[in-house]
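**Student:** fold the following and give me the result.
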Amino acid sequence: MSEVININDQDKHRTLLTDVLPYELPLWYTNYSMYKAFKDKDREGIYLNTLDPNFSKSADSLIPLNYTVSRGGNKFRDLYIIHPIAQLKVCDFYHKFYDLIEYYCGKSNQSLRYPVKKTTKFYGKTSAAKNDSDGVETLNDDRVTSSSYFKYKRYSFLYRFFESYDYHKLEKRFSHMMQNDIAKCFPSIYTHSIGWATKTKRLSKKRTKGSFDRAFDSLMQDINYRETHGIIIGPEVCRIFAEVILQQIDLDLIAKLKKCAKFGNDGLVIGKDYDFRRYVDDYFIFYRDDGVCKTVLSALEKCLLDYKLYLNDTKTTYTKRPFSTEISLSKNAIRSNVDSLYRSRYKEDSTIVLLQQPDWKANKSISSIKMALAAYDVQYYSISNYLFSAIEKGMKAYLKKVSDLDKVTIEHVNWLLVDLDVLFFIHAMDIRIRTTDRLARMIDKLLDSTNKWSESFRDLIHKKVFDMVYQSISIITNSLQGIVGLETLNLLVILTMLPSDFRLGVDKLKGYYKSIRESSDTQDFYFSWVTFMLYTKNEEPYKIFCNELINDARIFILGHLDGFRSTEYFLLFFDFMACKYISENIRRELGIEVKELTTDRFNCNKLNANLSKIMDNDFVVSWRDDKYLQNSLEKREFIFSYD
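**Tutor:** Presented below is the predicted three-dimensional model:
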């Protein structure tokens, strides 16, 4: 039986754990330490008021941390971490208006993903282990941790819609499907339009103080440097903001089509003459007649135009029955290939085949995957998540089988070397945050499952992981075009799982750091700095390099023009001050210098007392947790990926 764990739904700070961060982050980044800090009123006051008592009272000029991640296929997306003060404002907003969020996000039957109600409980590991799903917490899903503030309907990932009964039923009723999306949806949303969706444009102009729409409008501006044109991409709260607006557009479209006189007195009736589904800003329109399709498309364009939004004309696709995509067809082929890989390692009596040539077997498996993708002209980024899931399932079953053996031999270990070869090949074809994240979790599982094997066998696995990561880093640093820093920084984090014998040389590490910094044109110094500090830990032979890192951070902090208004500055300062790998004298000296730069007067005794608390407690980075990566990976397993 699984353990039912009740959630304190009056804990407004819980929002920090679920709705304010993007999924695509460094493997070490979570809000759990910040959550603990802000739950403690004394510590919260220290972080918000020590350096400037008036700073936390205003959110007029808070600058989010902007960085770029790969979406696969040479496509990129700008993501943002919002300022901790703005994150606290999201907590207050959810606590006050959660019921209205539920109401305004529940008006459209055509939405495929929307919040239903506040999460009040989740289930423990026993049940979660049986549930192979991933994503936000949906109704009837079991979770090892509460991954979202709200429970959601209907699908946490779009591919689940294509595998659903609802989709198959629509295919029975309609012979054609058109797919399109909104061009640059989030960057195009006008924050004031939240009032148009919840009231009318005329009524929203009155902007009643304290109303839901005005509060939500103001919150989106607080998050994004007081910008009214566009909302940031990444935090779940921004998806909810967009969902409120897009739900009303769904209703507007249905109403407009009912008034379409050229189709008779009843116009076009949803469910009879046409139907549609929407997953965030992606539309799927089902129809039988081309004339109906053109009318629906025209009406949708007009409804979007009322909110200053536009369809992406270059992405319109038309499909006839059967609604089979190249991706779904390739999945079937790959499923057969992966099944064959794992069937081939067992005899008919379920005993394990003794493998002599792991390189040959790995090459054969990789070739079969490549052929399946080539046959359907599918890119790796479209299928990598499915591949990782299939291999992860096979690896877990194999590790369990080996754990029951009386004796493990090199031939048993060879199968795991095959798995690693295949995994790293797939990852090399699709270097993104999500694929690196999944790779890290699987390596962690592998190392944990084999930690009692003989030293020689463990060394084989450790060397394989090290060689594969080293190779990936070398390829990336030699050709950084098209690859941004964060994807590769997480590879470095993976190496911290290995014993100290498997360490990058200092020259290689310094060259890697230089390449990352020179190739970046976004606000990600903070990510690079923390990652390399976690790797070096001020240990030999990295002491000189570590001192260079410390000096780089000092220069960044003392020369920053925006100071604590900047999210990157705010995070870097408090994580620098808490870093146990930096001497207390250096940290205290920096704190005093920053204080002198931010205010003309300060109380030294109060400052010293507060600095001691700041230096003794982690803020975001878990410097004091030796198992920070394992703990982070466990939590991230149930966090929704922004796709």
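**Student:** low-confidence stretches in the protein?
**Tutor:** Judged against pLDDT under 70, the low-scoring parts of the chain cover residues 1-9, 50-60, 121-147, 200-209, 479-484, 521-523, 599-607, 637-643.
**Student:** how about the strands in it?
**Tutor:** In the chain, the strands defined using DSSP state E lie at 4-6, 65-72, 75-81, 113-118, 121-123, 150-154, 176-181, 274-279, 282-287, 317-320.
**Student:** just so I know, which of those strands lies nearest Lys89?
**Tutor:** strand 75-81 (14.4 Å; C-beta to C-beta). In short, each C-beta sits where N, CA and C put it, glycine included.
**Student:** all the helices of the stretch 51-200 of the chain, in order from the start?
**Tutor:** When assigned using DSSP state H, counting those that start in this stretch, the helices of the stretch 51-200 of the chain occupy the ranges 84-104, 125-128, 158-162, 165-173, 185-188, 193-198.
**Student:** can you give me the buried ones in the longest one?
**Tutor:** By that I understand helix 84-104. Taking 16 or more other C-beta atoms under 10 Å as the neighbour-count basis, helix 84-104 is seen to contain the buried residues 84-91, 93-94, 97-98, 100-102, 104.
**Student:** same deal with the third one?
**Tutor:** Within helix 158-162, the residues that qualify as buried are Tyr159, Arg160, Phe161, Phe162, counting by 16+ other C-beta under 10 Å.
**Student:** skipping adjacent residues, who's closest to the last one in space?
**Tutor:** When the adjacent residues along the chain are set aside, Phe162 lies closest to Ser328, with 6.5 Å between them (C-beta to C-beta, 6 or more residues apart in numbering).
**Student:** quick one, what contacts Ala86?
**Tutor:** Going by C-beta atoms under 8 Å, 6 or more residues apart in numbering, Ala86 touches Ala59, Leu62, Pro64, Leu219, Asp222, Ile223.
**Student:** adding distance to Pro22, write these out as CSV.
**Tutor:** Conversion of the contacts of Ala86 to CSV gives the following (distance: C-beta to C-beta, whole Å):
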residue, distance to Pro22
Ala59, 20
Leu62, 17
Pro64, 11
Leu219, 17
Asp222, 17
Ile223, 12
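**Student:** of the residues you listed, which pair is most distant in space?
**Tutor:** Checked with C-beta to C-beta, the contacts of Ala86 reach their widest spread between Pro64 and Leu219, with 13.0 Å between them.
**Student:** is it possible to get TSV of the contacts of Ala86 that adds distance to Ile231 and neighbour count?
**Tutor:** Output for the contacts of Ala86, formatted as TSV (distance: C-beta to C-beta, whole Å; neighbours: other C-beta atoms under 10 Å):
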residue	distance to Ile231	neighbour count
Ala59	15	19
Leu62	15	26
Pro64	11	22
Leu219	10	24
Asp222	11	21
Ile223	8	28
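**Student:** with the residues you listed in mind, which one is nearest to Asp11?
**Tutor:** Taking these together and measuring to Asp11 by C-beta to C-beta, the closest member is Leu219, at 19.3 Å.
**Student:** the closest one contacts Lys89, doesn't it?
**Tutor:** Yes - proximity of Leu219 to Lys89 meets the contact threshold set by C-beta atoms under 8 Å, at 6.0 Å.
**Student:** residues near the residue nearest to Phe162, how many?
**Tutor:** Ser328 has 15 neighbours, counted by other C-beta atoms under 10 Å.
**Student:** before we move on, what about the one 5 residues further on?
**Tutor:** In terms of burial, Ala333 registers 18 neighbours under the definition other C-beta under 10 Å.
**Student:** surely it touches Ala372?
**Tutor:** Yes - taking contact to mean C-beta under 8 Å, the distance of 3.9 Å between Ala333 and Ala372 places them in contact.
**Student:** mind checking how far the residue nearest to Asn224 when sequence neighbours are not counted is from Tyr80?
**Tutor:** Computed as C-beta to C-beta, 6+ apart, the closest residue to Asn224 that is not its neighbour in sequence is Ile232, at 5.1 Å. Distance check for Ile232 against Tyr80: by C-beta to C-beta, to the nearest Å, it reads 4 Å.
**Student:** find residues that contact each of these two.
**Tutor:** When C-beta under 8 Å, 6+ apart defines a contact, the residues bordering Ile232 and Tyr80 alike are Pro64, Ile223, Asn224.
**Student:** count the residues that sit near the last one.
**Tutor:** So the one you mean is Asn224. Applying other C-beta under 10 Å, we find 21 residues neighbouring Asn224.
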